[in-house]
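> how would this look folded up:
(chains A and B)
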Amino acid sequence: MTATQQRSFLARYSVLFSLVVFVAAALLLPWVGAGPISLSRVLQHQAPDYEILLQLRVSRTLLALVAGGALSLAGTLFQAMLRDALATPYTLGISAGASLGAVAVIAVGWETFFGIPVTWIGALAGAFGVLILVIGGAFRQRQISAFSLLLTGIAINSICAAFILIVGGTVGIARSFSITRWLIGSIDATSYTSLAALAVIVFLASGLILLQARSWNLLAVGERWAASRGVRVGSLLAQGYILGSILVAGAIALTGPIGFVGLIVPHLVRSRISPDHRLLMPCSFLLGGTLLALCDALGRIIMPPSELPAGAVLALIGGPYLVWVIRQRTPVEEI
Amino acid sequence: MSSLLEVDGVSFSYGSRSVLDSVSFHAEEGEFLALLGINGSGKSTLLDIISGFRIPETGTVSLGGRSQKQWKRREIAQQISHLPQAIHADLPFTAEQLVGMGRYPHTDRWYESDEDHKYIHAAMERTSCWPHRHRAFRSLSGGERQRVLLAACLAQDANTLLLDEPSTFLDIEQQLHCFSILRDEARAGKLCIAATHDLNLALTHCTRLLVLAGGVIAHDLRTEEAHDNKEWLSLFSRRLDMGKTPAGSPWVWYQ
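Predicted coordinates for the structure are as follows:
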């Protein structure tokens, strides 16, 4: 097979391949962990294996799959909107708002509210606070541009980072540690109710984003390019911003900021499979979810009994891999 | 009877800097207009306004007798294609994917149909970039990129083509090829408007010259008239003069 044939073969089956990997991760990764789980005990509903698998491992794996997928898709989306290879789900300031919200409630010391961890509520409130601020600010002028969105995002990131430092400095050492821990980002077992809520939101927002895949292709080339081919650029940017923010806010309310997955996965899929958003977006979602679930599973077994947060595992494995991929990127390979 | 394109009293300014101050002209099918003028004279701005990308402060643009404001974005894209002056070069898309984007306003299908592929293939053959179709845009040379962009415009199959310096980065053979393609498009009944700095290409290929200066159309000449009236040349440089080649076509040269 020539390189071109190989590439078109890969492109044709890439979504199917990604789906298989995604489902395989959902089925297999819950069995990975510090303690072995026996299949026969699970089938007989025997404690503790049955509870560990269903209450802890499965919900955790599913959360990683959904959150990783949402963050990777949001990264792909923002890279297309901003035409910036360095854009992550966090470039536009949404995660900074979410982090500030979560950090604020940790600092105050609230733990749960009607059984829901208050960090979730704080993160969602912070994210939507930013969303409303940006929409009020950047979208008020009639012609919004990717550039103004980007600058607004950078400003919001710095402001929120400053507030997080201030809050972190005024609380005691224990809460300060909780804040740091939350900011690394990790996957924890979660209730199936909140998981289902997240899955529904992510499914709807992702579906709406995917339906516009052809338009994202045009926007990734340029705003004028898209406009002169019939895209309503302002309205598309607004939709992308809102839908992307919903994905990011939903995911990191449950996991904390794990932004790297949204940078690395779109890059790998773009260079290995296709830059066409009709393939790039579904593959990024499926492979991003898989990658985060895999990192979380690795974090459980690297140094038992303590666990390494998925965000840290991802950075340790993904960082060097991304550097290696970029070094491989020769002009010849791109032909 | 209204013209295909009517620009009436169009003004535009960037902040306090006025660029266009009541520009008016009409154009018909079959014309190939050269839009001339020194740097900053508003050629690109005027093309942006005609393509609907910028909204004029005053004045109107009508397509086929109907004000541009009444057209939807997509309807405009079916009738007007625009070749931008500069494009972000570090694109991961292949040449064929970029040209395929020209079919966007014509279909709601998820993937391009066989008919779309015929347009894509034909456009890429015409600009001789079909052999590069699987290459990434960023790996192409400047001239190859420009030909891919021209193919994307042709694949859009609009009846009006706006081209912002289409011959930039092209070698001389390719410049001639590019302007011949546009001349053929006009002869086939389309309207082509090309902003260019190459006066000789304009004189030898276009049917009409529009010279922008001081925010207005200072000269609106049929190409044959431009041979006799050399006044418009002095807007570019006093060192310019026009003669004839041995073959009898006009030739602008500088001292």
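
> For the residue in the stretch 151-255 of chain B positioned nearest to chain A, the count of nearby residues, please.
At 6.9 Å from chain A, B:Gln156 is the closest residue in the stretch 151-255 of chain B, using Cβ to the nearest Cβ. Glycine gets a C-beta too; all of them are placed from N, C-alpha and C. Neighbourhood size, B:Gln156 [other Cβ atoms under 10 Å in any protein chain shown]: 27.

> Repeat that for A:Val58.
19.

> Same check on A:Leu27?
Other residues close to A:Leu27 by other Cβ under 10 Å number 11.

> Around chain A, pick out the residues from the stretch 51-200 of chain B.
Proximity of the stretch 51-200 of chain B to chain A (Cβ under 8 Å from any Cβ of the partner chain) is limited to residues B:51-53, B:73-78, B:80-82, B:84, B:87-88, B:91-94, B:97-98, B:101-102, B:104-105, B:110-111, B:134-136, B:138-139, B:156.

> Quick one: mark the members of these that sit in helices.
In helices, defined here by DSSP state H, the members of those are B:73-78, B:97-98.

> Neighbour count and pLDDT for these - can I get that in a markdown table?
Shown next, in a markdown table, are these (neighbours: other Cβ atoms under 10 Å in any protein chain shown; pLDDT from 0 to 100):
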| residue | neighbour count | pLDDT |
| --- | --- | --- |
| B:Arg73 | 18 | 87 |
| B:Arg74 | 15 | 88 |
| B:Glu75 | 16 | 89 |
| B:Ile76 | 25 | 90 |
| B:Ala77 | 25 | 90 |
| B:Gln78 | 18 | 91 |
| B:Gln97 | 22 | 91 |
| B:Leu98 | 25 | 92 |
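
> and the residue of the stretch 151-255 of chain B closest to chain A, what is it in contact with?
Contacts for B:Gln156 were tallied using Cβ atoms under 8 Å, 6 or more residues apart in numbering or on different chains; they are A:229, B:77, B:81, B:102-103, B:105-106.

> can you check B:Leu98 too?
Counting by Cβ under 8 Å, 6+ apart, B:Leu98 has contacts A:221, B:91, B:137, B:148-149, B:152.

> low-confidence ranges in the chain?
No chain in the question, so chain A it is. For chain A, the stretches with pLDDT under 70 are A:1-11, A:111-116, A:137-144, A:328-335.

> my question was about chain B
For chain B (pLDDT under 70), the answer is B:1.

> hey, where'd the strands end up in it?
Assigned by DSSP state E, the strands in chain B fall at B:5-14, B:17-27, B:32-36, B:58-63, B:66-67, B:80-83, B:160-164, B:191-195, B:208-213, B:216-222, B:240-244, B:250-254.

> in what helix or strand does the residue nearest to A:Val134 when sequence neighbours are not counted lie?
Excluding its sequence neighbours, the residue lying closest to A:Val134 (Cβ to Cβ, 6 or more residues apart in numbering or on different chains) is A:Thr152, at 5.4 Å. Assigned by DSSP states H and E, A:Thr152 belongs to helix A:146-170.

> Could you tell me which residues of the stretch 101-250 of chain A lie near chain B?
Near chain B, when you scan the stretch 101-250 of chain A using Cβ under 8 Å from any Cβ, you find A:213-215, A:217-218, A:220-222, A:224-225, A:227-232.

> Taking these, please make a PyMOL selection of just the buried ones.
Filtering these down to the buried ones (16 or more other Cβ atoms under 10 Å in any protein chain shown) takes a single PyMOL command:
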select buried, chain A and resi 213+214+215+217+218+220+221+222+224+225+227+228+229+230+231
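
> farthest-separated two in the residues of the stretch 101-250 of chain A next to chain B?
A:Ala213 and A:Arg224 (20.1 Å; Cβ to Cβ).

> Would you confirm that A:Arg175 contacts A:Gly109?
Yes. Using Cβ atoms under 8 Å, A:Arg175 makes contact with A:Gly109 at a distance of 6.8 Å.

> need the contact list for the residue most central in space within chain B.
Taking Cα atoms, centre = their mean, the centroid of chain B lies closest to B:Leu163, which sits 1.9 Å from it. Shown in contact with B:Leu163 (Cβ under 8 Å, 6+ apart): B:47, B:82-83, B:150, B:153, B:182, B:192-195.

> how near is the residue nearest to B:Gly42 when sequence neighbours are not counted to chain A?
In this structure, B:Gly42 finds its nearest non-sequential neighbour in B:Val19, 4.2 Å apart by Cβ to Cβ, 6+ apart. Using Cβ to the nearest Cβ, to the nearest Å, B:Val19 is found at 17 Å from chain A.

> residues touching B:Val19, list them.
B:Val19 touches B:12-13, B:40, B:42, B:45, B:215, counting by Cβ under 8 Å, 6+ apart.

> please redo it, this time with the cut-off set to 7 Å
Residues counted as contacts of B:Val19 (Cβ atoms under 7 Å, 6 or more residues apart in numbering or on different chains) are B:12-13, B:42, B:45, B:215.

> related to what we said a few turns ago, could the strands of chain B be laid out in JSON lines, adding distance to A:Leu100?
Formatted as JSON lines, those follow (distance: least, Cβ to Cβ, whole Å):
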{"stretch": "strand B:5-14", "distance to A:Leu100": "37"}
{"stretch": "strand B:17-27", "distance to A:Leu100": "41"}
{"stretch": "strand B:32-36", "distance to A:Leu100": "51"}
{"stretch": "strand B:58-63", "distance to A:Leu100": "46"}
{"stretch": "strand B:66-67", "distance to A:Leu100": "48"}
{"stretch": "strand B:80-83", "distance to A:Leu100": "43"}
{"stretch": "strand B:160-164", "distance to A:Leu100": "44"}
{"stretch": "strand B:191-195", "distance to A:Leu100": "49"}
{"stretch": "strand B:208-213", "distance to A:Leu100": "51"}
{"stretch": "strand B:216-222", "distance to A:Leu100": "54"}
{"stretch": "strand B:240-244", "distance to A:Leu100": "63"}
{"stretch": "strand B:250-254", "distance to A:Leu100": "63"}
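
> so the residue nearest to A:Val134 touches A:Gly136, yeah?
No. In this structure, A:Thr152 is not within contact of A:Gly136 by Cβ atoms under 7 Å, at 10.6 Å.

> which one of those two has more residues nearby?
A:Thr152 (19 against 9).

> Could you name the residue of chain A that is farthest from its center?
Outermost in chain A, Cα atoms, centre = their mean: A:Gln44 at 36.1 Å.

> Starting from chain B, give me the distance back to it.
Distance from A:Gln44 to chain B, by Cβ to the nearest Cβ: 47 Å.

> excluding its backbone neighbours, what's nearest that residue?
With sequence-adjacent residues excluded and distances taken as Cβ to Cβ, 6+ apart, A:Gln44 is closest to A:Tyr50, at 7.8 Å.

> In terms of helices and strands, where is that neighbour?
Assessed by DSSP H and E, A:Tyr50 sits inside helix A:49-51.
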